[in-house]
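Chemist: sequence first, predicted coordinates after that:
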Amino acid sequence: MARKNRIFHKRHQIRTSSQTSGSILTRHRPNELSGYQMTRTALFAVASLTVAPSLYAVPVIGRTVPVGIVKLGDTIVGEDSVQAGSDVHLSIPFLKPATVKRTVQSVTGFVVTLASGPSAEVPPGTHYMVIESGSKAGLIALVDSSTSNSVTVSLQPGDDLTGITTGDDITLRPAWTLSTLFAGSIPNTTQLFVYSGSHTGMDIAPELIFSIYQNSWYDSNDDSDANNFVLFPNETFILRSEPSGEIPFLGIWGEASTNPSRCHTVNSTATATDNPISYLGSTDEPITSSGLAAASLNFDELGVYDNGQAGYDKAPLTVLYRYAGSFFDSSNDEEVGVEFKLEAGKGYRLRRMTTSIVAPTLWSDMPDYLPLD
């Protein structure tokens, strides 16, 4: 357990090291995917890039890889992604294309030994290991070290490798970092608030705050280089713009996940606890089919923020509460249906009520855009 809780601080330390020559932290394009083999084939129609998430299929040597673009922040046509003087709640809706695909031979502790195949050796702290099949499909871990046939990983709070068995598929994928997620022109002194996802209580302060200057990110605590700080697709972040620092367009391109979205929430026997959560999916997901109600307790509250509204430390625009397996709008006590969607690339706050449950609760669900097997 101690090792799992150290991942947040470990990735903070890793990103201060110098970048290895030839590092694959650079962005990848579809024609670099020749070694990737999909477990499912999914075709998506092209939609407007500024109105809604867009997914389309890229053929790669006889295979189909679903990729897309999502506008982050305010998704309304013609509006800035981030207004000046504003907090926006963001998440990462895509993965980067896989560079290695292997199958599991065995698991011992935090070491995953792989069956024969292409070398799995990658620079430390630069890649995720993603479980692509089996009971833990969708689990994302950080690769601490690797050899040609094994990877040693750190886990996010609440996760473990129990249930990963011989024959399960894994991929190694370049990790999202501050410099690759925010690769465009970001105004100086824009800040990013990052949460560890392991604290209890309400209105939790960010664990780390990063600030950008001349297109480089720095840790606000000690001004150290933070460009390679690793971010995870199932986290929620807050991007804070300066009073005169609007961002006209903030977008992300990547590969749609074909696995369940997985997110752990922290429980407390003493106090209600705020959990920054997000849904790893490349299109908006109806809350009724998201599995969130099943993973929540009665009277848990989902805070929904307006990314188009200026201001700092904004209260949720809408608060939903869970009761008897459904969510209700707290403003009128009406049940919300399929019309309410968890948006791709948006962050939320789930306030868990006090509970006798001690272990973190897993929220896992297969995105609706995937075809049934």
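Modeler: Perfect, I can see it now.
Chemist: from now on I want contacts and neighbour counts done on CA atoms only, so please keep to that.
Modeler: Fine.
Chemist: so what pLDDT did the residue with the largest distance to the centre of the chain get?
Modeler: Ranked by distance from the centre of the chain (C-alpha atoms, centre = their mean), the top residue is Asn332, with 31.4 Å. At Asn332, the model reports a pLDDT of 98.
Chemist: kindly report the same for Pro30.
Modeler: pLDDT at Pro30 comes out at 27.
Chemist: tell me where the protein has helices.
Modeler: Secondary structure of the chain (DSSP state H): helices at 2-5, 7-14, 178-181.
Chemist: so what's the residue farthest from the centre of the chain up against?
Modeler: Counting by C-alpha atoms under 8 Å, 6 or more residues apart in numbering, Asn332 touches no other residue.
Chemist: still on that earlier bit, pick out the shakiest of the helices of the chain, pLDDT-wise.
Modeler: helix 2-5 (a mean of 34).
Chemist: show the pLDDT at the nearest residue to Pro187 once chain neighbours are set aside.
Modeler: Among residues not flanking Pro187 along the chain, Gly245 sits closest, at 5.7 Å (C-alpha to C-alpha, 6 or more residues apart in numbering). Here the pLDDT value assigned to Gly245 is 92.
Chemist: before we move on, what about Ser282?
Modeler: On the pLDDT scale, Ser282 gets 91.
Chemist: neighbours of it, how many?
Modeler: 29 (other C-alpha atoms under 10 Å).
Chemist: pretty sure it is touching Thr258, no?
Modeler: No: using C-alpha atoms under 8 Å, Ser282 is not in contact with Thr258, being 9.7 Å away.
Chemist: next, show the common contact partners of these two.
Modeler: By C-alpha under 8 Å, 6+ apart, no residue touches both Ser282 and Thr258.
Chemist: okay, now the domains of this protein?
Modeler: Following automatic domain parsing, the chain resolves into domains at 2-30+96-175, 54-95+178-254, 259-365.
Chemist: and those domains, which one is worst for confidence?
Modeler: Averaging pLDDT over each of the domains of the chain puts domain 2-30+96-175 lowest, since it has a mean of 80.
Chemist: from the chain's centre, how far out does it sit?
Modeler: A distance of 15 Å separates the centroid of the chain from that of domain 2-30+96-175, by C-alpha atoms, centre = their mean, to the nearest Å.
Chemist: which parts of the stretch 251-373 of the chain are strands?
Modeler: 251-255, 261-265, 273-277, 285-286, 301-304, 318-323, 326-329, 341-342, 348-352, 361-365 (DSSP state E, counting those that start in this stretch).
Chemist: what's in contact with the third one?
Modeler: The one in question is strand 273-277. Residues from elsewhere that reach strand 273-277 (C-alpha under 8 Å, 6+ apart): 195, 197, 199-204, 234-237, 263, 265-267, 347-354.
Chemist: buried subset of those?
Modeler: 195, 197, 199-201, 234-237, 263, 265-267, 347-354 (16 or more other C-alpha atoms under 10 Å).
Chemist: count of neighbours near Gly345?
Modeler: Neighbour tally, Gly345, other C-alpha under 10 Å: 28.
Chemist: I figured it hits Val70, correct?
Modeler: Yes: assessed by C-alpha under 8 Å, Gly345 is found in contact with Val70 at 7.1 Å.
Chemist: need the residues touching each of the two.
Modeler: 93, 282.
Chemist: the closest residue to Leu342 other than its chain neighbours: what's it in contact with?
Modeler: Of all residues not flanking Leu342 in the chain, Glu285 sits nearest, at 5.1 Å (C-alpha to C-alpha, 6+ apart). Going by C-alpha under 8 Å, 6+ apart, Glu285 touches 341-344, 367-368.
Chemist: Glu79: what's it in contact with?
Modeler: Pro248.
Chemist: next, give phi and psi for it.
Modeler: phi -90, psi 150 (degrees, to the nearest 10).
Chemist: distance of Leu181 relative to Ser257?
Modeler: Going from Leu181 to Ser257 by C-alpha to C-alpha, to the nearest Å gives 17 Å.
Chemist: now do Thr165
Modeler: 21 Å.
Chemist: who has more neighbours out of these two?
Modeler: Ranked by neighbour count (other C-alpha under 10 Å), Thr165 and Ser257 place Ser257 first, with 23 against 18.
Chemist: how about that one, what does it touch?
Modeler: 94-95, 280-282.
Chemist: closest to the centroid, which residue in the chain?
Modeler: In the chain, the residue lying closest to the centroid (C-alpha atoms, centre = their mean) is Pro233, at 1.4 Å.
Chemist: verify the contact between that residue and Leu90 for me.
Modeler: No: using C-alpha under 8 Å as the test, Pro233 is too far from Leu90 to be in contact (10.1 Å).
Chemist: give the contact list for Asn267.
Modeler: Counting by C-alpha under 8 Å, 6+ apart, Asn267 has contacts 200, 273, 352-355, 357-361.
Chemist: repeat that for Ile131.
Modeler: Taking C-alpha under 8 Å, 6+ apart, one finds 137-140, 168-171 in contact with Ile131.
Chemist: hmm, which two among those residues are most spread apart?
Modeler: Comparing every pair within those by C-alpha to C-alpha identifies Ile140 and Asp168 as the most remote, at 14.0 Å.
Chemist: which one of the two has more residues nearby?
Modeler: Ile140 (27 against 20).
Chemist: I'd say that one and His127 touch.
Modeler: No: the pair Ile140 / His127 is not scored as a contact, 9.9 Å apart, by C-alpha under 8 Å.
Chemist: just give me the neighbour total for Ser81.
Modeler: Ser81: 23 neighbours (other C-alpha under 10 Å).
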